[in-house]
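>>> Everything below, folded, please.
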Amino acid sequence: MTTFRTPERGEGRIGCIASLVALVIAGAVLIKVVPVFYSNNSFASAAEDLGSRAGTMNKGTVEQQLLAKAVELEIPEAAVKGATKVDVLGDGHSGTCNITLRYTRKIDFYGLYTWPVETDKVISRPYMDGR
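Okay, the predicted model is just below:
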């Protein structure tokens, strides 16, 4: 007796389609998440830089520059009164600049889910007057 094989190649299209769907979903999530985390990290970095240069500026100038950076990076939550707090401690020639960043941003995933991303950082930088 002879057995005959049917001409099947055994292709698995379901696995390929599932992989493509997972890749598209991951890409859509990254498109929403990456800009928020990038701008939050850029804002924290700018706050660290401002804290290090606080010896050449007064408290009001540091607050204005932080507000300008928040507007530039399109972080309206950081521009709200009370979201950032600046304390300059010292005698004017040397001291410490403490900057508190406390705000929550919401990432909307296409109306399906909203994820709150909380930023709660205290940046403390020593400074010396460069004059």
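>>> going forward, measure contacts between C-alpha atoms and count neighbours the same way
Noted.
>>> and the next element down the chain from the worst-scoring helix or strand of the chain on mean pLDDT?
Ranking every helix and strand in the chain by mean pLDDT, DSSP states H and E puts strand 84-90 at the bottom, with a mean of 86. Under the assignment DSSP states H and E, the closest C-terminal helix or strand after strand 84-90 is strand 94-109.
>>> before we move on, the earlier item: in terms of contact count, name the helices or strands touching the least confident helix or strand of the chain.
Contact partners of strand 84-90 among helices and strands, from 3 or more C-alpha pairs under 8 Å, 6 or more residues apart in numbering; DSSP states H and E: helix 59-72, strand 94-109.
>>> Now stretch 41-50: buried residues?
By 16 or more other C-alpha atoms under 10 Å, the buried positions in stretch 41-50 come out as 43-44, 46-48, 50.
>>> Take these and write them to a markdown table, including pLDDT.
As requested, the buried residues of stretch 41-50 are arranged in a markdown table below (pLDDT from 0 to 100):
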| residue | pLDDT |
| --- | --- |
| Phe43 | 95 |
| Ala44 | 94 |
| Ala46 | 93 |
| Ala47 | 92 |
| Glu48 | 90 |
| Leu50 | 88 |
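>>> Who are the packing partners of the longest helix along the chain?
As assigned by DSSP state H, the longest helix anywhere in the chain is helix 13-52. Contacts defined by 3+ C-alpha pairs under 8 Å, 6+ apart place helix 13-52 against helix 59-72, strand 94-109, strand 113-128.
>>> Only alpha carbons, please: show the shortest one as CSV.
Provided in CSV are the C-alpha atoms of helix 59-72 (Å, rounded to 0.1, in the frame of the first residue of the first chain):
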residue,chain,number,x,y,z
LYS,A,59,15.4,82.9,43.8
GLY,A,60,12.9,84.8,41.6
THR,A,61,15.1,84.4,38.5
VAL,A,62,15.5,80.7,39.1
GLU,A,63,11.7,80.3,39.4
GLN,A,64,11.1,82.4,36.2
GLN,A,65,13.6,80.3,34.3
LEU,A,66,12.1,77.0,35.5
LEU,A,67,8.7,78.3,34.4
ALA,A,68,10.0,79.2,31.0
LYS,A,69,11.6,75.8,30.6
ALA,A,70,8.3,74.1,31.6
VAL,A,71,6.5,76.2,28.9
GLU,A,72,9.2,75.4,26.3
